[in-house]
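Novice: Output the structure for:
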Amino acid sequence: MREPSHTHFGYRDVPVAEKQKLVGGVFSSVAHRYDLMNDLMSFGMHRLWKRHFVASSGVRRGDRVLDLAGGTGDIALLLQSVVGREGDVVVGDINAAMLGVGRDRMIDRGLVSGIYWARLNAECLPFPEASFDAVSIAFGLRNVTDKEKALAAIYRVLKPGGRVLVLEFSQVKSELLGKLYDFYSFEVLPRLGRWVAGDGDSYQYLAESIRRHPSPEVLKDMMENAGFVHVAIRNLLNGVVAIHRAYKL
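Specialist: A predicted model of the protein is given here:
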């Protein structure tokens with residue numbers, strides 16, 4: 001089967017080869033204001049979602065976990081408190097600026113043991129088969145060019161019985177909330193991005209990328225096609241975000 005020559009970058013169709021560079025430009029631009037913008041955009045809710053994501057992950061003390069698209073390290077910090085000294089957390093991100101922000105923050109806090117940093121592409125993970133007990137990706141899968149390749153790569157590096165955990169923006173269930181959410185996403189966020197991060201276009205893209213992300217049911221099918229079993233979906237805040245969890249036999 002011939003691979004597609006074009007993909008989406010927000011609402012634009014672009015050559016597949018260009019999307020990675022375009023997404024990289026977005027995150028390089030906003031890296032140093034990324035967490036502040038997350039706090040402002042979500043009114044701090046993203047921290048609660050991430051805490052719940054890790055608390056309900058089933059990750060245990062001593063586990064080895066790969067956190068993809070984890071550049072600024074907030075998920076890694078939560079995971080490290082669960083796996084303890086006996087475990088490891090590898091933070092993987094394709095963007096050097098995001099990794100730099102996360103690594104510097106951890107060093108400033110004196111957290112240098114048990115957390116490792118790797119610049120990588122989620123579509124071709126540079127680890128042996130069966131390397132990790134769990135792989136997490138929070139608010140990053142929608143930015144991956146080829147999600148099927150990424151899911152296949154995650155499946156390969158998981159140990160038998162290991163789990164994949166995806167936290168991502170989803171589809172709002174309420175019609176009224178959906179209208180308010182659309183207004184906020186397309187009228188408020190780009191302005192906020194321009195005032196705080198000096199980049200409204202990147203936040204316009206991020207709003208568009210949420211709308212282009214597969215529905216929870218389609219993502220479930222994609223995960224099953226990659227070989228995962230027992231795929232479960234949990235919606236939070238009326239579908240604003242969703243957690244997908246699945247296992248490798």
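
Novice: and residue 36, which of the three is it?
Specialist: Following DSSP: H, G, I helix; E, B strand; the rest coil, the label given to residue 36 is helix.

Novice: That one reaches residue 193, doesn't it?
Specialist: No - taking contacts as C-beta atoms under 8 Å, residue 36 lies outside contact range of residue 193: 11.0 Å. Just so you know, the C-beta spots here come from the backbone N, C-alpha and C atoms, and that holds for glycine as well.

Novice: Looking at these two, which one has more neighbours?
Specialist: Neighbour comparison, residue 36 and residue 193: the larger count goes to residue 193, with 25 against 12 (by other C-beta atoms under 10 Å).

Novice: Tell me the first helix or strand C-terminal of the helix or strand hosting that one.
Specialist: Using DSSP states H and E, residue 193 maps to helix 189-196. Per DSSP H and E, helix 189-196 leads on to helix 200-212 as the next helix or strand towards the C-terminus.

Novice: okay, now residue 106: neighbour count?
Specialist: Other residues near residue 106 number 20, with proximity taken as other C-beta under 10 Å.

Novice: what's near enough to touch it?
Specialist: Residue 106 is in contact with 73, 76-77, 112, 115, counting by C-beta atoms under 8 Å, 6 or more residues apart in numbering.

Novice: Go ahead and build a ChimeraX selection from the buried members of these.
Specialist: A single ChimeraX command selects the buried members of the contacts of residue 106 (16 or more other C-beta atoms under 10 Å):
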select :73,76,77,115
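
Novice: Next step: the contacts of residue 106 restricted to helices.
Specialist: If you go by DSSP state H, these have 76-77 in helices.

Novice: and which of the contacts of residue 106 is nearest residue 182?
Specialist: Of all the contacts of residue 106, residue 73 has the smallest distance to residue 182: 31.0 Å, by C-beta to C-beta.

Novice: Can you show me the CA trace of the helix or strand harbouring residue 49 as PDB?
Specialist: Per DSSP H and E: residue 49 is located in helix 45-55. Provided in PDB are the C-alpha atoms of helix 45-55 (Å, rounded to 0.1, in the frame of the first residue of the first chain):
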ATOM      1  CA  MET A  45      -6.600  21.900  35.200                       C
ATOM      2  CA  HIS A  46      -3.800  20.200  33.200                       C
ATOM      3  CA  ARG A  47      -2.000  19.500  36.500                       C
ATOM      4  CA  LEU A  48      -5.000  17.700  37.900                       C
ATOM      5  CA  TRP A  49      -5.400  15.700  34.700                       C
ATOM      6  CA  LYS A  50      -1.700  14.700  34.700                       C
ATOM      7  CA  ARG A  51      -1.800  13.700  38.400                       C
ATOM      8  CA  HIS A  52      -4.900  11.500  37.700                       C
ATOM      9  CA  PHE A  53      -3.200  10.100  34.600                       C
ATOM     10  CA  VAL A  54      -0.200   8.900  36.600                       C
ATOM     11  CA  ALA A  55      -2.200   7.900  39.700                       C
END
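
Novice: elements contacting the helix or strand following that helix?
Specialist: Following helix 45-55 in sequence order, the next helix or strand is strand 64-68 (DSSP H and E). The contact analysis (3 or more C-beta pairs under 8 Å, 6 or more residues apart in numbering; DSSP states H and E) places strand 64-68 against helix 74-83, strand 88-93, strand 132-138, helix 147-157.
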